[in-house]
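# Give me a model of this one.
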Amino acid sequence: MAFGSRRVLVGAHYGLRDWLVQRITALVLTVFVAVVVFGVAVAGELDYGAWSAIFAPLPMKLLTMLAIVALCYHAWIGVRDIWMDYVKPVAVRLALHVVTVLWLAYCLLWSIEILWSV
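Predicted structure coming up:
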């Protein structure tokens, strides 16, 4: 009689989920860029007031927040895979993971502060 999980901690099944998340976050970022390009094209002359007016409406702020979260998650998956593939010492890899997570969290919080101050 076996107790516990027979879950394999490595293998191809985890890569499929990450691959799908990468594609979904890339799609979110593509839609965001298209909306911003359209907003810039409609705005005419770009100065601080016009740029601020593009990001001032609540739907645009929410889309921007979604894009920022998608960008951070997209970056996390990509950089994490690089660390896992090319950094073999476990302690160094763990340190790089922690630094990456802290940096992305800082960037996310800073972006939120900037976005909601407009």
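
# What ranges does the protein have for its helices?
12-43, 48-55, 58-86, 90-117 (DSSP state H).

# Run a quick neighbour tally on the residue lying closest to Val21 once chain neighbours are set aside.
Spatial nearest neighbour of Val21, excluding adjacent residues (CB to CB, 6 or more residues apart in numbering): Ile77 at 6.2 Å. Just so you know, the C-beta spots here come from the backbone N, C-alpha and C atoms, and that holds for glycine as well. Number of residues near Ile77 (other CB atoms under 10 Å) recorded here: 16.

# do the same with Lys88
Neighbour count of Lys88, defined by other CB under 10 Å: 8.

# Equivalent analysis for the one 3 residues further on, please.
Each residue near Ala91 was counted by other CB under 10 Å, and the total is 8.

# same thing with Thr25?
Neighbours around Thr25, by other CB under 10 Å: 22.

# And the one 5 residues further on, by the same measure?
Using other CB under 10 Å, the number of residues around Thr30 comes to 12.
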